[in-house]
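[1] The following comprises the amino acid sequence and a computationally predicted model.
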Amino acid sequence: MTADTTQPHIGQSAATTHEGILAWVDEVAELTQPDRVHWCTGSDEEWTELTDALVASGTFTRLNADKKPNSFHAASDPTDVARVEDRTFICSVDEKDCGPTNNWMDPQEMKAIMTDLYRGCMRGRTMYVVPFVMGHLEADSPMFGVEITDSAYVVASMRVMARMGSNVLRRMEEVGATFVPALHSVGMPLVDGRADVSWPCNDTKYIVQFPEERMIWSFGSGYGGNALLGKKCYALRIASVMARDEGWLAEHMLILKLTSPEGVRKYIAAAFPSACGKTNLAMLAPTIPGWKVETLGDDIAWMRIGDDGRLYAVNPEFGFFGVAPGTNELTNPNAMRTIDIGNSVFTNVALTDDGDVWWEGLENTPAHATSWKGEDWTPDSDELSSHPNSRYCTPIKQCPILAPEYDDPRGVPIDAILFGGRRKTTVPLVTEARDWTHGTFMGATLSSETTAAAVGQVGVVRRDPMAMLPFIGYNAGDYFNHWITVGKDNDAAKLPKIFYVNWFRRDEDGGFLWPGFGENSRVLKWVVERMEGQAEAVETPIGYVPTPGSLDTDGLDMTEEELAQALAVDVEEWKAEIPQITEWFEKFGENLPAVLWTELDGLKARLGA
Ligand code: GDP
Ligand code: PGA
Ligand code: MN
Ligand code: MN
């Protein structure tokens, strides 16, 4: 596009020489009609301006600097609190490539609908251009993106969650980088004298990935997973498609470094569905003496086979977007230290009278607070002070146990992968897979109760393969095949060992059988000792489970019977899973790798089903 003085970015010092970005920004400005365009630099001055403006508009409340410096409280519209899976689409050219687990619409049809929605949607607002990179700017091929958004809340959150700003833009210009265009609007133009609200959004929502074009369009929501487009939309949905095409893995996994008292060092990645314990495990404070955990990532892992044949993982993100309720000094002291430093955004938690934040499960229950809905709240209130999916958004660099390898663009070689879900019954505390293919079967059949991280009913058991159900950007049958291929094409001895965990099994009274949190270090210890050939296991129909004596229970407040219940493999319960797994696999027709049917046959035979 030629220079046109009516284009709002002209004359802005930060505007770019990158023609592709410029052309796209012009095109979007033309369509959405913002009052002004702001090219984000990522500077401290910009952060101050943005957060001041968010305070002035009522979106942010500045927290008491003695409690949480440079930190802010935000309350969303009560209808805009979580990811919207039924409004999330994979618009592949061919419907088959979307697969049976995603919503599909023809890309042309979707573009027509959304172009209508986007037309004039930024009137009265500022359009922000956010250049960002997922992963390291120094990576061999940096993974660039540009998010255009009309939400200052999104810009502030993006600055915490992703490497963004002028230095990223300059690098993109230098190398003439290709990038993922990611367009976001809250969908509430300020027209006809309409006053702004503290949390603009629209009842009509679309979260759309165009996998072939590597492009993202999002409309109507300001919530993190729907609006911070570098995270779920790019680093999982679009990246999983890139990973399929290029032979790597983009996964919904935390990454941690574990060091034993003897100095044995292991890197562990773990995939649990949203709100099933990734952030807590990533920052685990071990209860067993001498063991040390360091954090590399809490939500997303990009993994590639290195020159030495091992699987290397990097965390593409720059911050934590953690579930607030349940976070406290006992469950996650390292998260508490991270947010204490400040520089954070808290969304949909309670605001205390002394200008701090509070949520269910946190210490020092206030006598009075303002709930996430803006209502008076006391400990006697019938309603929760905080939404169950309320979140803290905080810089990863503030984590006191951040592993130094976090800054290494080569990543860390993964020794073990844990799959896990939230199951009241059936699934034992920990199971070791026999081999990669069996581990892939475990991942492909992973089941978990739904949580508040997505809009919809909570507590319903569903299959959530590799904890990626809402994030696989293509046909999940092909995704399973990709996992199987990684196993086939590489040296099995060098690939991570696979385990399946469940922290959430219940006793007859409905209480958790396993204390969880820091005590999960006992399970990690068993995992390490299995890899070192030290710990005992019993072979069961579903895999290897700890013998009662092989799990370190020193100082653990649990009876032998409770432990046995947590570890039990109940053949009848497992037989009941078979029809569900069969039905699940049948969904994928010819796209399901045949070896997964073979795994299921093997399981049936061992169960006598
Ligand atoms: P993520 O969304 O996967 O990162 O999950 P989080 O680590 O944020 O945890 C989600 C919820 O599960 C929080 O309310 C936690 O307090 C709770 N949780 C995490 N780990 C455990 C555990 O080991 N046991 C139990 N019972 N709850 C846990
Ligand atoms: P979570 O991340 O996995 O920490 O819950 C957000 C999400 O998956 O929606
Ligand atoms: Mn997640
Ligand atoms: Mn998390």
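    Done, it's in. Ligands and ions are numbered 1, 2, ... in the order given.
[2] The helix or strand containing Ile216: what's the following helix or strand?
    Assigned by DSSP states H and E, Ile216 belongs to strand 215-219. Next helix or strand after strand 215-219 toward the C-terminus (DSSP H and E): helix 224-227.
[3] Determine if any part of that following helix is in contact with ligand 2.
    Yes: using C-beta under 6 Å from any ligand atom, helix 224-227 reaches ligand 2 at Gly225. Just so you know, the C-beta spots here come from the backbone N, C-alpha and C atoms, and that holds for glycine as well.
[4] following that helix, which helix or strand comes up?
    Once helix 224-227 ends, the next helix or strand along the chain (criterion: DSSP H and E) is helix 239-246.
[5] for the closest residue to Met188 other than its chain neighbours, what are its contacts?
    Nearest residue to Met188, sequence neighbours excluded (C-beta to C-beta, 6 or more residues apart in numbering): Pro200, at 3.9 Å. Counting by C-beta atoms under 8 Å, 6 or more residues apart in numbering, Pro200 makes contact with Ser151, Val186, Gly187, Met188, Gly222.
[6] got the residues of the stretch 1-150 of the chain near ligand 1?
    Close to ligand 1, as judged by C-beta under 6 Å from any ligand atom, the stretch 1-150 of the chain has no residues.
[7] where do the strands sit along the stretch 1-150 of the chain?
    36-39, 60-62, 72-74, 88-90, 126-134, 143-149 (DSSP state E, counting those that start in this stretch).
[8] Buried residues in the third one, which are they?
    Within strand 72-74, the residues scored as buried using 16 or more other C-beta atoms under 10 Å are Phe72, His73, Ala74.
[9] tell me, how many neighbours does the residue of the stretch 401-550 of the chain found nearest ligand 4 end up with?
    Closest contact between the stretch 401-550 of the chain and ligand 4, by C-beta to the ion, is at Ala453 (8.5 Å). Residues lying near Ala453 (other C-beta atoms under 10 Å) number 21.
[10] Setting aside sequence neighbours, what's the nearest residue to it?
    Ser274 is the one closest to Ala453 (C-beta to C-beta, 6+ apart), at 3.4 Å.
[11] Could you verify my assumption that the one you found touches Val458?
    No: judged on C-beta atoms under 8 Å, Ser274 makes no contact with Val458 at a distance of 11.5 Å.
[12] what does the stretch 351-500 of the chain put close to ligand 2?
    Residues of the stretch 351-500 of the chain lying near ligand 2 (C-beta under 6 Å from any ligand atom): Ala453.
[13] So which residues of the stretch 351-500 of the chain form strands?
    357-358, 369-370, 376-377, 391-395, 412-413, 416-420, 430-432, 447-449, 461-463, 497-501.
[14] Let me see the domain layout of this structure.
    What automatic domain parsing lists as the domains of the chain is 6-59+82-246, 249-319+404-607, 320-398.
[15] looking at those domains, which is closest to Lys68?
    Smallest distance to Lys68 across the domains of the chain (C-beta to C-beta): 5.1 Å, for domain 320-398.
[16] what about that closest one, how long is it end to end?
    Separation of the first and last residues of domain 320-398 by C-alpha to C-alpha, to the nearest Å is 10 Å.
[17] Could you do stretch 156-173 as well?
    Using C-alpha to C-alpha, the end-to-end distance of stretch 156-173 comes to 23 Å.
[18] Now that stretch: buried residues?
    In stretch 156-173, counting by 16+ other C-beta under 10 Å, buried: 156-166, 168-169, 171-172.
[19] how far does it sit from the chain's center?
    19 Å (C-alpha atoms, centre = their mean, to the nearest Å).
[20] and if you look at stretch 223-237?
    Relative to its chain's centre, stretch 223-237 lies at 8 Å (C-alpha atoms, centre = their mean).
[21] ok, now stretch 258-272?
    On C-alpha atoms, centre = their mean, the centre of stretch 258-272 falls 21 Å from that of its chain.
[22] cool, stretch 527-545 as well?
    29 Å.
[23] Please save the CA atoms from that stretch in PDB.
    Written as PDB, here are the backbone C-alpha positions of stretch 527-545 (Å, rounded to 0.1, in the frame of the first residue of the first chain):
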ATOM      1  CA  VAL A 527       9.600 -41.500  38.500                       C
ATOM      2  CA  VAL A 528      13.400 -40.600  38.700                       C
ATOM      3  CA  GLU A 529      14.100 -43.900  40.500                       C
ATOM      4  CA  ARG A 530      12.300 -45.900  37.900                       C
ATOM      5  CA  MET A 531      14.400 -44.200  35.200                       C
ATOM      6  CA  GLU A 532      17.500 -45.000  37.200                       C
ATOM      7  CA  GLY A 533      16.400 -48.600  37.600                       C
ATOM      8  CA  GLN A 534      16.100 -48.200  41.400                       C
ATOM      9  CA  ALA A 535      12.400 -48.300  42.400                       C
ATOM     10  CA  GLU A 536      10.200 -51.300  42.400                       C
ATOM     11  CA  ALA A 537       6.900 -51.600  40.500                       C
ATOM     12  CA  VAL A 538       4.200 -54.100  39.900                       C
ATOM     13  CA  GLU A 539       3.000 -54.800  36.400                       C
ATOM     14  CA  THR A 540      -0.700 -54.300  36.100                       C
ATOM     15  CA  PRO A 541      -3.000 -54.400  33.100                       C
ATOM     16  CA  ILE A 542      -2.600 -50.700  32.600                       C
ATOM     17  CA  GLY A 543       1.100 -50.400  33.200                       C
ATOM     18  CA  TYR A 544       3.700 -50.300  36.000                       C
ATOM     19  CA  VAL A 545       2.400 -49.000  39.400                       C
END
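[24] State the mean pLDDT of it.
    Stretch 527-545 comes out with an average pLDDT of 98.
[25] With stretch 116-128 instead?
    98.
[26] end-to-end on that stretch?
    Criterion C-alpha to C-alpha; first-to-last residue distance in stretch 116-128 is 20 Å.
[27] Next: stretch 338-353.
    22 Å.
[28] got it, and stretch 374-384?
    Note: stretch 374-384 ends 12 Å apart using C-alpha to C-alpha.
[29] Repeat that for stretch 269-286.
    Note: stretch 269-286 ends 17 Å apart using C-alpha to C-alpha.
[30] for Thr331, helix, strand, or coil?
    coil (DSSP: H, G, I helix; E, B strand; the rest coil).
[31] Was I right to think it contacts Met283?
    No: with contact defined as C-beta under 8 Å, Thr331 does not count as touching Met283 (9.8 Å).
[32] Look at these two and report which has more neighbours.
    A direct count of neighbours by other C-beta under 10 Å for Thr331 and Met283 places Met283 higher, at 28 against 18.
[33] Now for whichever residue of the stretch 101-250 of the chain sits closest to ligand 3, how many residues are close by?
    The stretch 101-250 of the chain approaches ligand 3 most closely through Lys232 (6.9 Å), counting by C-beta to the ion. Counted with other C-beta under 10 Å, residues neighbouring Lys232 total 26.
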